[in-house]
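Engineer: pasting the structure only:
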């Protein structure tokens, strides 16, 4: 196997990445988690109200999440531009969550064949897994515990195959996205606005 010679610029980028990784550098404002947490929570509560016929809408409330994905992509793009270096940890987490969103999309496509509430259970399991792996990669204890709690919620959801499953998903949104988003936001403000 032939070893590739790095250019001066490639060597500089690699050294920069390694320094930032060693320092525990991160640039995460928490805004993405806050957006997802609030949006998913609201949509899940609306879905529960819709499915229990308390409210009536011309479409399922989860369709309201579609524009949220575009907003989140824009927020992510803006934050990526502000990073001084993209660390190996950043890349690993990006891969985990990209795989998560592709898997959730595939699962939701399965719902078009009337798979029922079991699709929500699958989404809860995927969420628990992604959260747990993120915690293990970043050594962020909250995400590790959160992933385990979400696994318990997913197990409970096997026995709640009715509209109440949306309430379990709403709780999951709060603990997986909103709370870490608020923690990261506070840390971000402390580091960059002190």
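Structural biologist: Done, it's in. Since the model is a prediction, treat every value here as computed from it, not as a measurement.
Engineer: C-alpha only now, for contacts and for neighbours.
Structural biologist: Will do.
Engineer: which residues touch the closest residue to residue 30 other than its chain neighbours?
Structural biologist: Ranked by CA to CA, 6 or more residues apart in numbering and with sequence neighbours excluded, the top spatial neighbour of residue 30 is residue 181, at 4.1 Å. In this structure, residue 181 makes contact with 29-34, 37, judged by CA atoms under 8 Å, 6 or more residues apart in numbering.
Engineer: Just the buried ones from the residues you listed?
Structural biologist: Those of the contacts of residue 181 that meet the buried threshold are 29-34, 37, by 16 or more other CA atoms under 10 Å.
Engineer: And the host helix or strand of the residue nearest to residue 30, what's buried?
Structural biologist: Per DSSP states H and E: residue 181 is located in helix 179-192. Residues of helix 179-192 classed as buried: 179-182, 184-185, 187-188 (neighbour count, 16+ other CA under 10 Å).
Engineer: Which members of the residues you listed define the maximum pairwise distance?
Structural biologist: 179 and 188 (14.0 Å; CA to CA).
Engineer: on that earlier part again, okay, the buried residues of helix 179-192 in CSV with pLDDT and distance to residue 99 next?
Structural biologist: Formatted as CSV, the buried residues of helix 179-192 follow (pLDDT from 0 to 100; distance: CA to CA, whole Å):
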residue, pLDDT, distance to residue 99
179, 92, 22
180, 89, 20
181, 88, 20
182, 92, 24
184, 83, 22
185, 85, 24
187, 83, 27
188, 77, 26
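Engineer: export those to a markdown table and tack on distance to residue 58?
Structural biologist: Shown next, in a markdown table, are these (distance: CA to CA, whole Å):
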| residue | distance to residue 58 |
| --- | --- |
| 179 | 32 |
| 180 | 33 |
| 181 | 32 |
| 182 | 33 |
| 184 | 37 |
| 185 | 36 |
| 187 | 41 |
| 188 | 40 |
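Engineer: Residue 142: which of the residues you listed is nearest?
Structural biologist: Closest approach between the buried residues of helix 179-192 and residue 142, by CA to CA: residue 180, at 7.8 Å.
Engineer: Please name the nearest non-neighbouring residue to that closest one.
Structural biologist: residue 33 (6.8 Å).
Engineer: what about the one you found, helix or strand, and which?
Structural biologist: helix 31-51.
Engineer: Give me the angle between that helix and helix 179-192.
Structural biologist: Here the directions of helix 31-51 and helix 179-192 differ by 160 degrees (axes from the mean of the first three to the mean of the last three CA atoms, to 10 degrees).
Engineer: Packing partners of helix 31-51?
Structural biologist: If you count contacts as 3 or more CA pairs under 8 Å, 6 or more residues apart in numbering; DSSP states H and E, helix 31-51 packs onto helix 65-82, helix 165-173, helix 179-192.
Engineer: Rebuild those helices as JSON lines, extending it with distance to residue 93.
Structural biologist: Below are these laid out as JSON lines (distance: least, CA to CA, whole Å):
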{"stretch": "helix 65-82", "distance to residue 93": "13"}
{"stretch": "helix 165-173", "distance to residue 93": "18"}
{"stretch": "helix 179-192", "distance to residue 93": "14"}
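Engineer: All good on my end, thank you.
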